[in-house]
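Visitor: just a sequence and a predicted model for now, questions to come.
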Amino acid sequence: MEKRLNGILTLLLAFVVQFTFAQDKTVTGTVTDDAGLPLPGVNIVVKGTNSGTQTDFDGNYSISAQAQNTLVFSFIGFAKQEIVVGTQSLINVSLGADAAALDEVIVVGYGSTRRELSTSAISTVTAEDIEDFVPSTSVDNILQGQAAGVQVTAANGRPGNTAFVQIRGVGSINASTTPLYIVDGTPIDASDVANINPGDIASFSILKDAATVSKYGSRGANGVVLITTKQGKPGDAKITFRSSLGYGEKIDDPFDLMNAEQKLELERQYAALGVNAAQSLPGATASPEELQRLIALDTNWEEELLRKSYIQSNALSISGAEDKLSYFLSLGYDKNDGIIDRIDGFERISGRLNTTYQAKDWLTVGMNVSMARSTTDLPRDRNNVQNPFRGVYDYNPYEPLFLRDADNNIVVDAEGNNVFNPTSTGFPIARALTTEPENNRNFLIIGSGFADIKLTDKFSNRFSVGATSNRFNRTNRSVAGGLLQSFVGDANFPGTQTDTFSLDFEYNVNNIFSYSDTFNELHNFRADFLLEYNENIFTNLTSTSRGFPSPDIPYQAVAAEATAASSTEARRILFSQGLFLDYNYDEKYILSGSIRRDGSSRFGPNNKYGYFYSGSAAWNIARENFLEDSFVNDLKLRASYGTSGNQNIGNFEFLNLLGFGTYNGFTTAIPLGVGNPDIKWEAQAILDVGVEFALFNNRVSGVVDYFKKTSDDLLLDRPISQTVGDENNAITANIGKIENTGVEVSLKGDVVRNSNFIWTIGGNASFLDNEVLELVDGADIPNGTTRLVEGQDVYSYYLVRYAGVNPANGEPLYLDVDGNVTNEYSTADAVLIEGKSPFADVEGGFYTSFRYKGFGLRSDFIFKSGNYILNFQRSSGISALNIDSNQRVEAFDYWMQPGDTDVLPSPLFGDTADQTSTRFLEKGDYIRLRTLTLDYRVPSEMINSFGINSLRIFATGQNLLTFTDYEGDPEIGIGSAENAQPGDQGFVPGEFSLFSYPQTKSYTVGVELSF
Amino acid sequence: MEIQILFFNSIATFQNGVDGIYSQFQNYYASTGSGLQGVPDILSDNVVLVSTGRRSNEVLYDYRYNPNSGGAITLYFSEAYEAINAANLVIGQIDNLADSPEKDNILGQALMGRAFAHFDLVRVYGKIPTQSGDANSSLGVPYIKVEDGDTGDPLAQPARETVASNYMEIIGDLERATGLLATNNGEGRFDRDAAFALLSRVYLYNGEYQKVIDAANQVSEPIATPAQLPGVYTDSNNAGVIIEFSVNTSSESNESNVGVLYSQSNSSSTISEYAIEFDFFNSIDTTDVRRNVIQFVGTNQGNQYNAVKKFLGEEGQVNGLLDIKVLRAAEVTLNKAEAQYRLGMDEAALTTLNMLRDLRFSSYDGDESGTALLDAILFNRRVELSFEGHRFFDLKRLGMPVVRSNNGDIIDGSGTPPEVLTLPASDFRFQFPIPTAETQANPNFEQNPGY
């Protein structure tokens, strides 16, 4: 009763006070740390209400409050402070470091923990780290250079393409090396990562060592990337809008192509020398008048075929939390139409709603749902005339875009349209881009729901269900009257179209039952028991028709006849049990262990189940008495060892299969492959020893890890005699072993930190070494220009060695297999080039950031060193046999007279010179300024009166600078999708360059405001 | 959930298995890049590389192939053995069926398929018995028979047998098939005529001339008439075609466009890869109906070429997609004439040859004997079977060199001449190299001499 009366009294008082002291007043002030430096981003909330604000860059804030209100100041890493407003209108606050300053919560396997209590090597990248500085349409590209131990290679420059991500080197040969991606607990396909709106992401946790990846058992061997999306934060709804606009263009080549005059001159020189291939070219045959006409036609094919891309990004989010409910709602739109003229690029629309609700004291439920639709036009990534990027380099500069008659007038067709020039390649790519279109659409839904039940103080249970569904549509057309139709089409049935529809549906149900207890206030113990069921159902439908009445109606319904149809369904199931144990003594000495059992439908009855385990320990030295109050804020030693598996191979490889096709319209049945009933997962064991530290009031911090990762029982194609008649001439078998060792270093420090100016530098580097330990019967595995050889680097190059030009006659020389100089080229002289492989020895990234008052300037660099690239692109640009195509200006530097050294071989020896050899093997080292961002935060006092909380204006350049000796663009993933695509057997990213979609540089400006 | 089905349990499903064998043949006969329908012509003196083409198969044309070469070198080896595997699958399970003529007909097709694929392997990768004195004892290929327990072990590493033993087994399978096959199985499938026709070729390669004549006499299919002949190559009719690998150009419009080996055309231009050799084309009598079957004037970049017309496409098409003509009645007649000549039966040989010549042109001598008669038989063989995958094997089995003229690629004989003009009769490159993939996976598989 007394209490109640008090309440009423307070209420009455409040009325009176409000009545007496007018309305709200404005409180302003500055928040600093204990060193007197301003703290930006401090949350200030009027206690008991939803109203709040943040300090600006200078630590200043302004908030409406009433005298009886209490303001709560909070900031990560600092102790919370509460101050009653009273009569003050200026409240300056100094926040002290929180004793538990290191209580950063990190997301780990099946749950989260405080970083301090983790025994695992985990790299985390949070939205705060990157979102202001790294504009990117794709999530995987964001990781490049940001986290130690993560090797990201952009596939190519095509907008929307998924990058190759490897964690701690190449852990497999035939099975996929892509890490497992998990979004809010739901596993997704790596290819779907490109369809997640980067703006929705709160953090990435990259699990690298056994202490955490073993918890993922048969899916953990390539590492795990946990993506956590944003949740609403306490306070009023915060509305944030961000928009940017810009353009991209092809990065300039570090070499020049010939212009018309130069190319004609080279043809003349070659013909005069007696090069057969040049005899019929215009440089050799044209009259002086004709030459003048051709020179006047000088065409820059890059300008004709490419363009500046248009880049646009808009994102809107509304988030907040009150009482029992938190919400985060977002919409995103991204467009990058690509640098190829005449086709569209990438476009994505996405939406998300994340909510949690405290339904009962003992029950919290939540649901995250996102949807994204993307569309892409695809150029043909081929090493031939169908590829516009090949055209840029191949088309002769004296051949213009449109055909000309003798009077230099553009030739027009019956409809009055300009006729595209087929050029000497016979293939007008500019026309083919419009008559041979390919378009992909993806619609991705990721949803997950959970229920946390607190049974008692010690027992709890979390049940969650997640599902992803990606609908993929592809339309390939060869339109009636189009370019390819005239060659390979059926005259009676003009035009073909193939539509592919596939649905990749995966759901995941898991339950974790947990027990945690503390004994004697020192022994902290926790156990989690996991049950998990994962099923993937993939269905595919394809149909093809021909005979289209009009190129403008892209639907098979109007076609004269359907010519082919097919459908597939494949299911894969994984069922797992796991037990995870954690113990610590006073948070100083920490021990963890895990065991997991997986059953997979990918393996035969002999090997359906596998066990995976780990053990790890850590010592928080900083918590020892002897380090108390020293300059050491954090010092932790940790070690872990454990196993995991890789089951990323095809389904049904353990069975003998029959394949069906047609012959002359009748169904055929042929033996498809020889199964191996004994295959099992690839097994991996990782040893990791690491140290984490933070010094001088956390101004300098870092992590150093050593690891040794042994991948055993690798699933290799054991080549078998072709007389067996197997479709692949191989069976899949668990033979092979490779080892990756490495050291990873991340460092970060504030070089200068005073009230107006902050300068921070940071970076990471991974030093990696790998070796093939065992192969099938010790036999080399040839893989195009690379090879797997026991005792050597994985995928070392295997090439004929080039020995320069004979100064006496300009002939190219090679070394034979025994190392003797020879003027003959023979593939039989190829040898393993020791120590040279497409994999880098060192890679990583570093950044430097300056902040002066509201201005910020940050540059992010990425680097790579020690890898080699086979530069086929240069080979075709200085190839005597290729004289009918355009050449690099460098081609003039050929041998002309006895004694010439340091020159290209004489064009008379094109047959032997233009061969694959170490002549075109180049170091791939580079440093690239990935992003340079300049931004300005408008001071809060200027905008608060408009109801705006923060306003930021920024400008960003991407790939503005590159430092390299490589004769082309060194950032190569796919060389040419015709030769090798991700997922193909033996595909090695960055092995060679061959006219894939080039990297681009871009310039964007944008604005971000929230209210 | 695992489902295992005994698939081969009826005539219909066994026919699916047999059609699977044909589809494997099609994989290597009709391949756009390397079809056996055209490669033996590219390897011969029938064609000249067109310098404005894509220079595809130049490695073959210039005889620069080695064990690491891809394309035809690897394709025939692996696809022929896949055809053999498909055949053995059928043969091994044939007793799932009750005895009946239909069962025999299935078995006959599979046996013939197995023999044919081995025949292709040994003529490509080994010597031909009549090629040289040492041919019969030289390296053949492993003859894989399910009945002999040669199948079932994926890690088997069989060694090469001799050419003589291969021919014995090929002939054994074929002779057995003649007693099993039905007289007509429809387009694209082997029947009794097909088995005898193929036997006439195999006996000729094996130098068993009386058997050539006997087998040829069992073939009932007549030679295509002059009126029918052009339509044979546009699939308007099947006159005189005994073995073909067929394509349903409607439902299989994505199948291999075999004609692309020679050229890619559209209505306004023809990008030829290989043109008809100038001397060869002009040696054909102007009244010969085959001139127009073989040749059309192709135009590209302002030049005219003797473009290859065979396999340009079905009626009205230039997409290179149509049935593969593997063995025609005309060849059976030529096999017979040549065998008669070898047995000294000049008069009979002349009569046989004239049966064909009468249907092709009028102004021939018609009175030859001795060497002149042989030359006439071989010349008509060259013309009749040109661009159908014979010339290289015919030169090879006769122990003759490839001799190319120095004429260029353009229609008047000017332009770029071949880089390699001769392949001597005894040259090791008459036998393709064994692909490296095989010699590595199977160390018992000996490489051919010279590579």
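Guide: Structure received. Residues are numbered from 1 along each chain as shown, chains lettered A, B, ... in the order given.
Visitor: ranges for the helices of chain A?
Guide: A:2-20, A:127-130, A:139-142, A:210-213, A:260-273, A:282-285, A:288-296, A:301-305, A:388-394, A:429-435, A:483-488, A:872-877, A:910-913, A:940-943 (DSSP state H).
Visitor: for B:Tyr63, which non-adjacent residue is spatially closest?
Guide: Leaving out its chain neighbours, the residue that sits closest to B:Tyr63 by CB to CB, 6 or more residues apart in numbering or on different chains is B:Arg429, at 4.9 Å. From N, CA and C alone the C-beta is placed, and that goes for glycine too.
Visitor: neighbours of the one you found, how many?
Guide: Other residues lying near B:Arg429 total 19 when counted by other CB atoms under 10 Å in any protein chain shown.
Visitor: do you know how far it is from B:Val59?
Guide: Separation of B:Arg429 from B:Val59 (CB to CB, to the nearest Å): 11 Å.
Visitor: what sits in contact with each of the two?
Guide: Residues within reach of B:Arg429 and of B:Val59 at once, by CB atoms under 8 Å, 6 or more residues apart in numbering or on different chains, are B:Tyr65.
Visitor: which of the helices of chain A is buried the deepest?
Guide: Per residue and on average, the most neighbours among the helices of chain A fall to helix A:210-213, with a mean of 31 (mean count of other CB atoms under 10 Å in any protein chain shown).
Visitor: mean confidence for that helix?
Guide: Averaging pLDDT along helix A:210-213 yields 90.
Visitor: next: stretch B:145-157.
Guide: Stretch B:145-157 carries an average pLDDT of 90.
Visitor: run through who's touching it.
Guide: Stretch B:145-157 is contacted from outside by A:674, A:676, A:720-721, A:723-724, A:726, A:731, B:85, B:88-89, B:91-92, B:114, B:142-144, B:158, B:169, B:441-445, using CB under 8 Å, 6+ apart.
Visitor: how does it look with 7 Å?
Guide: For stretch B:145-157, the external contacting residues (CB atoms under 7 Å, 6 or more residues apart in numbering or on different chains) are A:674, A:720-721, A:724, A:726, A:731, B:88, B:91-92, B:144, B:158, B:442-444.
Visitor: just those residues now: which is nearest A:Ile91?
Guide: Closest to A:Ile91 out of these is A:Ile731 (75.3 Å), distances taken as CB to CB.
Visitor: contacts only, for B:Ala83.
Guide: For B:Ala83, the contact set (CB under 7 Å, 6+ apart) comprises B:21, B:24-25, B:113, B:117.
Visitor: format these as JSON lines; extra columns: pLDDT, secondary structure and neighbour count.
Guide: Shown next, in JSON lines, are those (pLDDT from 0 to 100; DSSP: H, G, I helix; E, B strand; the rest coil; neighbours: other CB atoms under 10 Å in any protein chain shown):
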{"residue": "B:Ile21", "pLDDT": "96", "secondary structure": "helix", "neighbour count": "30"}
{"residue": "B:Gln24", "pLDDT": "95", "secondary structure": "helix", "neighbour count": "29"}
{"residue": "B:Phe25", "pLDDT": "96", "secondary structure": "helix", "neighbour count": "25"}
{"residue": "B:Gly113", "pLDDT": "98", "secondary structure": "helix", "neighbour count": "27"}
{"residue": "B:Ala117", "pLDDT": "98", "secondary structure": "helix", "neighbour count": "28"}
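Visitor: among those residues, which one lies nearest to chain A?
Guide: Nearest to chain A among these: B:Gln24, at 6.6 Å, using CB to the nearest CB.
Visitor: chain neighbours aside, what residue packs nearest to the closest one?
Guide: Among residues not flanking B:Gln24 along the chain, B:Ala83 sits closest, at 3.7 Å (CB to CB, 6+ apart).
Visitor: repeat for A:Thr956
Guide: Among residues not flanking A:Thr956 along the chain, A:Thr933 sits closest, at 4.6 Å (CB to CB, 6+ apart).
Visitor: in the sheet, who's paired with the one you found?
Guide: Judged by DSSP bridges, the bridge partners of A:Thr933 are A:Arg858, A:Thr956.
Visitor: distance check, it against A:Gly351.
Guide: For A:Thr933, the distance to A:Gly351 - CB to CB - is 27 Å.
Visitor: those two: who's more crowded?
Guide: The neighbour comparison of A:Thr933 against A:Gly351 (other CB under 10 Å) goes to A:Thr933, with 21 against 17.
Visitor: could you report the neighbour count for the closest residue to chain B within the stretch 651-800 of chain A?
Guide: In the stretch 651-800 of chain A, the residue that lies nearest chain B is A:Gly725 (2.5 Å; CB to the nearest CB). Other residues lying near A:Gly725 total 27 when counted by other CB under 10 Å.
Visitor: mind listing what it touches?
Guide: Each residue near A:Gly725 by CB under 7 Å, 6+ apart is listed here: B:81-82, B:84-85.
Visitor: domains for chain A, by residue range?
Guide: Following automatic domain parsing, one finds the domains of chain A at A:2-95, A:266-292.
Visitor: quick one, which of the ones you listed is nearest to chain B?
Guide: Nearest of the domains of chain A (CB to the nearest CB): domain A:266-292, 6.5 Å.
Visitor: straight-line length of the closest one, end to end?
Guide: Start-to-end span of domain A:266-292 (CA to CA, to the nearest Å) is 15 Å.
Visitor: and A:Lys1001, how many neighbours?
Guide: For A:Lys1001, the count of nearby residues is 19 (other CB under 10 Å).
Visitor: I meant to write B:Gly413 there.
Guide: Residues lying near B:Gly413 (other CB under 10 Å) number 18.
Visitor: off-centre distance for the helix or strand bottoming out on mean pLDDT in chain B?
Guide: Using mean pLDDT, DSSP states H and E, strand B:263-265 stands out as the lowest-scoring helix or strand of chain B, at a mean of 83. Offset of strand B:263-265 from its chain centre (CA atoms, centre = their mean, to the nearest Å): 22 Å.
Visitor: beyond it, next helix or strand please.
Guide: Where DSSP states H and E defines the elements, the next helix or strand beyond strand B:263-265 is strand B:270-272.
Visitor: state the pLDDT value of A:Gly661.
Guide: 86.
Visitor: ok, it - contacts?
Guide: A:668, B:23.
Visitor: repeat the analysis, applying 10 Å as the threshold.
Guide: Contacts of A:Gly661 were listed using CB atoms under 10 Å, 6 or more residues apart in numbering or on different chains, and they are A:566, A:667-670, A:672, B:16, B:19-20, B:23-24, B:26-27, B:252.
Visitor: any idea what it is bridged to?
Guide: A:Thr668.
Visitor: hang on, the earlier thing: pLDDT added to the contacts of A:Gly725, as TSV?
Guide: Formatted as TSV, the contacts of A:Gly725 follow (pLDDT from 0 to 100):
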residue	pLDDT
B:Tyr81	97
B:Glu82	95
B:Ile84	97
B:Asn85	94
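Visitor: can you list the low-confidence ranges for the chain?
Guide: If you meant another chain, say so; for now it's chain A. Counting by pLDDT under 70, the ranges of chain A that qualify are A:1-23, A:50, A:76-77, A:97-104, A:129-140, A:978-985.
Visitor: I was thinking of chain B, sorry if that wasn't clear
Guide: Scanning chain B for pLDDT under 70 picks out B:1-5, B:254, B:267.
Visitor: go again using 50 as the cut-off
Guide: For chain B, the stretches with pLDDT under 50 are B:1-3.
Visitor: from chain A, how far off is the spatially most central residue of it?
Guide: By CA atoms, centre = their mean, the mean C-alpha position of chain B lies nearest to B:Gly389, the distance being 4.6 Å. Distance of B:Gly389 to chain A, given as CB to the nearest CB, to the nearest Å: 19 Å.
Visitor: so that residue sits against B:Ser34, correct?
Guide: No. B:Gly389 lies out of contact with B:Ser34 (CB atoms under 10 Å); the separation is 11.5 Å.
Visitor: quick one, strands of the stretch 101-250 of chain B?
Guide: For the stretch 101-250 of chain B, the strands defined by DSSP state E, counting those that start in this stretch cover B:241-245.
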